[in-house]
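[1] Have a look; sequence and predicted model below, questions after that.
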Amino acid sequence: MNPTLSELEARASAPKTVFGGDAHIVCDNLVRIYKTEGVEVVALQGLDLVVREGELVAIVGASGSGKSTLLNVLSGLDVPTAGVARVAGMDLLSMTAKDRLRYRREVVGFIWQQTARNLLPYLTARENVELPIKLAGRVSGRAARGERAARLLELLGVGSRAGRRPAELSGGEQQRVAIAVALANEPRLILADEPTGELDSDTSEEVFEALRTANRELGVTVVIVTHDPLVSEQVDRTIGIRDGRTSSETLRREGAEGQIVAEEYAVLDRVGRLQLPRDFMNALDMERRVRLELESDHIGVWPVREEPSDEQ
Ligand SMILES: Nc1ncnc2c1ncn2[C@@H]1O[C@H](COP(=O)(O)OP(=O)(O)OP(=O)(O)O)[C@@H](O)[C@H]1O
């Protein structure tokens, strides 16, 4: 039955539910187009992402999928072409230069892949953590700063290394100190770009454990960007991105016998688009068109064998 005029009016005046609501990170239909020498590259093509406060998530994608572009947007280094990007209620598209600076100093902390980029080589671990606290000018007194730095290093399991310079630390220890540096000014969000890219698998586990500790003990939201799909064993939620769009989500949970179960889901956007995994499409030779059938509890997707006459 068609709605009456008064029903339509009531619908129009009802408060609109905004995508993502007041979630900590909201990207809604995010687009980033790079223009170089007249050629346009669409790095993000309508990406949607919602992360709640206090979550620990990984964003995984192959090279060129748009991970760095997304990270640059979330870190306030780059401004997207269109869409919505909000972190902790701050609008990353319309922020003034002053707000952007404050955002980068106070709201987000970073950990880069290159261990050397995170720490100053001539300072000890403790001095590296103290420096951003001093620059922010929010904690006065050397002793108070030293105490905060020592507490963070202790929390991340590198308290005994406080007096060492980066060159006297292992790669994993350097990254744990880097996490302490990122946490120095109590950011609400930590962005980590391939934080274990230069480490072997045992050392990587230590770094993930440190990120989990920071997340659990301090309640800070953590977003890890990586090309390594095995990260889904380390975090509760892994978001896959493909061709500049979120394509899948893997949720990790504990099974009945205490075993870790990882389940992969495809992401359905608001207009009903979803990306089929490439290997599923290849296995059934699916191309261009598929046949859909609505069943009582699922939707069937079948490959269509194209007739040559179809193209004319
Ligand atoms: N500054 C730029 N100018 C032009 N094109 C760019 C620029 N930065 C990225 N791109 C293009 O945008 C797309 C997404 O790149 P992006 O660096 O975000 O992917 P990525 O998933 O981080 O890859 P990688 O893991 O290799 O760093 C690619 O096609 C890339 O060539």
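    Right, received. Where do you want to start?

[2] The ligand contacts on the stretch 101-250 of the chain?
    In this structure, the stretch 101-250 of the chain approaches the ligand at residues residue 227, judged by C-beta under 6 Å from any ligand atom. Any C-beta I mention is one placed from the backbone N, CA and C, and that applies to glycine too.

[3] And the residue of the stretch 101-250 of the chain that's closest to the ligand?
    Of all residues in the stretch 101-250 of the chain, residue 227 sits closest to the ligand, with a separation of 5.2 Å (C-beta to the nearest ligand atom).

[4] do you know how far that residue is from residue 197?
    From residue 227 over to residue 197 the distance is 8 Å, taken as C-beta to C-beta, to the nearest Å.

[5] how about the strands in the stretch 201-312 of the chain?
    Per DSSP state E, counting those that start in this stretch, the stretch 201-312 of the chain carries strands over the ranges 221-226, 237-242, 245-254, 260-266, 290-294, 299-303.

[6] quick one, which of these is nearest to residue 105?
    Proximity to residue 105 (C-beta to C-beta) singles out strand 221-226 among the strands of the stretch 201-312 of the chain, at 17.1 Å.

[7] Point out the other helices and strands that that closest one packs with.
    In this structure, strand 221-226 packs against strand 56-60, helix 67-74, strand 189-193, helix 201-218, with contacts taken as 3 or more C-beta pairs under 8 Å, 6 or more residues apart in numbering; DSSP states H and E.

[8] Swap in 10 Å and give it another go.
    Using 3 or more C-beta pairs under 10 Å, 6 or more residues apart in numbering; DSSP states H and E as the contact definition, the elements that strand 221-226 packs against are strand 39-51, strand 56-60, helix 67-74, strand 108-111, strand 189-193, helix 201-218, strand 237-242.

[9] With mean pLDDT and mean neighbour count as added columns, please give the ones you listed in TSV.
    Rendered in TSV, the data for the helices and strands packed on strand 221-226 read as follows (pLDDT from 0 to 100; neighbours: other C-beta atoms under 10 Å):
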stretch	mean pLDDT	mean neighbour count
strand 39-51	91	18
strand 56-60	94	23
helix 67-74	93	22
strand 108-111	92	23
strand 189-193	94	23
helix 201-218	91	17
strand 237-242	92	22
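
[10] Out of those, which is closest to residue 131?
    Closest of these to residue 131 is strand 108-111, at 13.3 Å (criterion: C-beta to C-beta).

[11] And for the closest residue to residue 63 other than its chain neighbours, the neighbour number?
    In space, and not counting its chain neighbours, residue 63 is closest to residue 227: 6.3 Å by C-beta to C-beta, 6 or more residues apart in numbering. In terms of burial, residue 227 registers 14 neighbours under the definition other C-beta atoms under 10 Å.
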